[in-house]
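1. quick one, structure for this:
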Amino acid sequence: MRACIITVLVPVLVIMQGCFYSLKGSSVPAHLKTIAIPLFDDQSGAGEPGLRERFTNKLIERFRQDNSLQVADRTHADSILEGVIVTVSAAPIVVTGGETLQKQRLTVTTKIIYEDTKQRRKVFDKQFSNYGDYDVSSGASGRQTALGVAIDKVTEDILNETVSGW
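-> Take a look at the predicted model:
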């Protein structure tokens, strides 16, 4: 009998936990249908060619794929997401014997301001930071891959905060 109760009770609790979890985040308010994402400024001093465009385009792509808010130009948007790439920094994460650098972590930090232009209020003003790791022996291509991973993670974080952080 006890085994039967456990067999029934555990799946029910798991399902209920999933339901409670899904209720934690809120969706975009009904009055917001569109978002403008102007070209980000790069104040990092990292000297990464095309970083502004790469970051902005990835963020726009994320919003288009998510489809919670339609990307529009600034003059017709219900909301605006403006940002600055503050830093792109590299730090050692694996150093082998003889003090040889083997792996590095590339971190991208941005400052984002999200405004509801219909109600003329700032929704949030915060920093987002995330990273990608690479093997130093892979050279510039490894660094670019790590930068892409960091950009992917940061833009995902920004999207999630924008559409679920209500």
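
2. what segments of the protein are strands?
-> Per DSSP state E, the chain carries strands over the ranges 34-36, 41-42, 70-71, 79-96, 100-116, 121-135.

3. most packed of those strands?
-> Mean neighbour count (mean count of other C-beta atoms under 10 Å) peaks for strand 34-36 among the strands of the chain, with a mean of 20. Quick note: C-beta positions are derived from backbone N, CA and C, even for glycine.

4. what lines up beside that one in the sheet?
-> strand 70-71 (parallel), strand 79-96 (parallel) (DSSP bridges).

5. could I get those in TSV, plus columns for mean pLDDT?
-> Shown next, in TSV, are the strands paired with strand 34-36 (pLDDT from 0 to 100):
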stretch	mean pLDDT
strand 70-71	98
strand 79-96	94
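
6. possible to save these as a markdown table with distance to Gln43?
-> Formatted as a markdown table, the strands paired with strand 34-36 follow (distance: least, C-beta to C-beta, whole Å):
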| stretch | distance to Gln43 |
| --- | --- |
| strand 70-71 | 24 |
| strand 79-96 | 5 |
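
7. so what touches stretch 95-102?
-> Pro92, Val94, Asp135, Val136, Ser137 (C-beta atoms under 8 Å, 6 or more residues apart in numbering).

8. go again with 10 Å.
-> Ala90, Pro92, Ile93, Val94, Lys103, Gln104, Asp135, Val136, Ser137 (C-beta atoms under 10 Å, 6 or more residues apart in numbering).

9. ok now that stretch, how far from the chain's centre?
-> Distance, stretch centre to chain centre, for stretch 95-102: 32 Å (C-alpha atoms, centre = their mean, to the nearest Å).
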